[in-house]
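Undergrad: I need the structure of the sequence given here:
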Amino acid sequence: MKSEKEKMLAGELYYSMGGELAEERAITRNLLKKLNVDLYGQPEEQGKILRDLLPNCADDIYVTAPFYCDYGYNIHCDEKVYLNFNCVFLDVCKITIGARTLFAPNVQLYTAGHPLSAKERAEELEFGKPITIGKDCWLGGNAIVLPGVTIGDRVVVGAGAVVTKDIPSDCVVAGNPARIVKTLDPADAP
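TA: The predicted model follows:
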């Protein structure tokens, strides 16, 4: 029989309110308090906390506090990823972020979801679907990416956009729901 954590990581319905998952979230909340409050303005000390909080990210990830996540270990970042103020990553499933991707303030990545069935919600069940964001992307302020979305390389997501479905490489998307408003030249890649 699968544990609730195994169900969570597999994208199945799971119960998050007790046991191992609650304990792991408590550890994460303590690390976030150190990052966002206790060590605010101390970049060297914050860097040490980030290595504990985000063990699957490159050492040169840059996070401007405050930052929020559920677990941290489900976030995988390549080099030179930048998160501006107030990003929220609900990482009940894997979040993969390519190199040199930039996040403006208040960007939110939600791998977490709740069932449409009121009965299942009443049983406090939830699920997750992974999010993948390519390299050299830029997500504008207040952009939201929903569970299960893949965003290609070199994509620009306009401020306030809500990304509800996969986005191919080399385009600009905007709106709610986000839609392609411009194609970009792939020859512009670094």
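Undergrad: ok, residue 40 touching residue 65?
TA: Yes: Residue 40 is within contact range of residue 65, at 5.7 Å (criterion: CB atoms under 8 Å). Every C-beta, even on glycine, is put in place using the N, C-alpha and C of the backbone.
Undergrad: export stretch 31-41 to CSV, keeping only CA atoms.
TA: Listed next in CSV are the C-alpha coordinates belonging to stretch 31-41 (Å, rounded to 0.1, in the frame of the first residue of the first chain):
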residue,chain,number,x,y,z
LEU,A,31,13.3,27.2,6.9
LEU,A,32,11.0,29.8,5.2
LYS,A,33,10.7,31.8,8.4
LYS,A,34,14.5,31.8,8.6
LEU,A,35,14.8,32.9,4.9
ASN,A,36,12.0,35.4,4.9
VAL,A,37,12.3,36.9,8.4
ASP,A,38,15.1,35.9,10.6
LEU,A,39,17.9,36.2,8.0
TYR,A,40,16.3,38.9,5.8
GLY,A,41,19.0,41.1,4.4
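Undergrad: looking at residue 40 and residue 65, which is more packed in?
TA: Neighbour totals were compared for residue 40 and residue 65, and residue 65 leads with 21 against 13 (other CB atoms under 10 Å).
Undergrad: element containing that one, please.
TA: Take DSSP states H and E as the rule and residue 65 turns out to sit in neither a helix nor a strand.
Undergrad: quick check: chain neighbours aside, which residue is closest to it?
TA: residue 36 (4.6 Å; CB to CB, 6 or more residues apart in numbering).
Undergrad: same check on residue 80?
TA: Residue 80 sits nearest to residue 100 (CB to CB, 6+ apart), 4.7 Å away.
Undergrad: quick check on that neighbour: phi, psi?
TA: phi 60, psi 20 (degrees, to the nearest 10).
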